[in-house]
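*Asks:* Need coordinates for the below:
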Amino acid sequence: MQRYPNNDLRKFPAEKGKGLAGTIIIHLAIFLLLITLAFAAPPPPQGEEGIMVNFGTDETGLGMIEPSPPAIQEETTPPPPSVAKVKPKEEALITQNTDEAPAVKKADPEAEKKKLEKREADKKIKEQLEAEKIVKAQEEAERKRIEADQQRQTDIMNRTKNALANSKNAGTSSTSEGIAGGPGNQGVPTGSINSKVYGPGGGSGTGGQGISYDLGGRSSQTLPIPKYEIQSEGRVVVEVSVDQQGKVVQAVPGIKGSTTLDEYLLKVAKEAALEARFEVKRDAPPIQKGTITYNFKLK
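*Replies:* I've put the predicted structure just below:
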């Protein structure tokens with residue numbers, strides 16, 4: 001076997017590198033060529049020329065003149081079917097069981113003022129009604145007191161009747177005296193038997209007209225006669241309060257000495273007493289009390 005010298009063996013690596021470099025260069029050239037040729041866009045093909053064919057609608061035909069095209073018929077499309085309007089179902093009302101908070105209203109000054117005025121008016125009316133109730137209660141108590149006094153007076157008169165009759169009317173059958181008319185002994189138990197003044201308290205007045213009065217000797221100017229239209233009789237004594245000018249400022253009918261408590265007679269007696277006038281007296285008390293007696297007779 002032939003042995004190579006050591007110097008030739010050393011040259012093998014260099015040849016190997018050259019071969020590797022050559023291989024790479026060849027491959028790069030092939031790669032570049034492929035990119036250039038393979039990926040280039042081919043030129044568009046030239047258009048092919050053809051034979052123009054006559055216009056027609058069938059495969060067969062005869063003649064030299066092109067027939068006119070058929071008239072174009074417009075396609076009529078039927079109207080769309082009417083669709084009935086369907087009302088949407090009303091949704092059920094949703095109720096709420098819980099109470100809603102009330103809306104706060106703005107205060108109206110005028111309304112508040114009217115409410116306040118109405119409240120004040122109602123208060124005054126209530127006070128007036130209460131006052132009327134008190135007055136009525138006082139009048140009712142006064143009437144009951146008058147009834148009791150009249151009953152007591154009747155008892156006294158019955159006990160003294162016989163004694164007075166015996167002392168004055170001895171030998172006669174008379175059982176009545178007075179100017180008012182009707183049975184009875186007109187006057188007061190404390191009066192004088194010989195007196196011809198038949199009003200209460202021994203006063204003076206127009207007894208012949210069924211009216212008498214007593215005001216401490218103070219004379220009267222006018223004493224209107226009560227106007228009454230009922231068939232009733234009796235005596236009504238009215239307590240009057242008279243000022244210095246002679247005007248009656250207050251009248252209370254049915255006091256002690258009255259023989260009837262008929263409401264109608266008490267009313268007309270009070271009205272007449274308020275219209276009465278007495279003489280002006282400067283030295284009289286500011287309010288002087290007295291009585292006016294009205295004797296009602298059957299007409």
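
*Asks:* any low-confidence regions in the stretch 51-200 of the chain?
*Replies:* Along the stretch 51-200 of the chain, the model assigns pLDDT under 70 to residues 51-53, 55, 64, 68-107, 157-200.

*Asks:* Recalculate using a threshold of 50.
*Replies:* Within the stretch 51-200 of the chain, the stretches with pLDDT under 50 are 165, 181, 190-192, 194-197, 199-200.

*Asks:* Longest helix in the protein, please.
*Replies:* In the chain, with assignment by DSSP state H, the single longest helix is helix 109-168.

*Asks:* same for that helix, what does it pack against?
*Replies:* Contacting helix 109-168 under the criterion 3 or more CB pairs under 8 Å, 6 or more residues apart in numbering; DSSP states H and E is no other helix or strand. In short, each C-beta sits where N, CA and C put it, glycine included.

*Asks:* Which parts of the protein are helices?
*Replies:* 6-10, 12-38, 109-168, 263-274.

*Asks:* Format those helices as a markdown table; extra columns: distance to Val238.
*Replies:* As requested, the helices of the chain are exported to a markdown table (distance: least, CB to CB, whole Å):
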| stretch | distance to Val238 |
| --- | --- |
| helix 6-10 | 177 |
| helix 12-38 | 151 |
| helix 109-168 | 12 |
| helix 263-274 | 4 |
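
*Asks:* will you turn those into a markdown table that also has mean neighbour count and distance to Glu233?
*Replies:* Compiled in a markdown table, the helices of the chain are given as follows (neighbours: other CB atoms under 10 Å; distance: least, CB to CB, whole Å):
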| stretch | mean neighbour count | distance to Glu233 |
| --- | --- | --- |
| helix 6-10 | 8 | 186 |
| helix 12-38 | 10 | 158 |
| helix 109-168 | 11 | 15 |
| helix 263-274 | 19 | 9 |
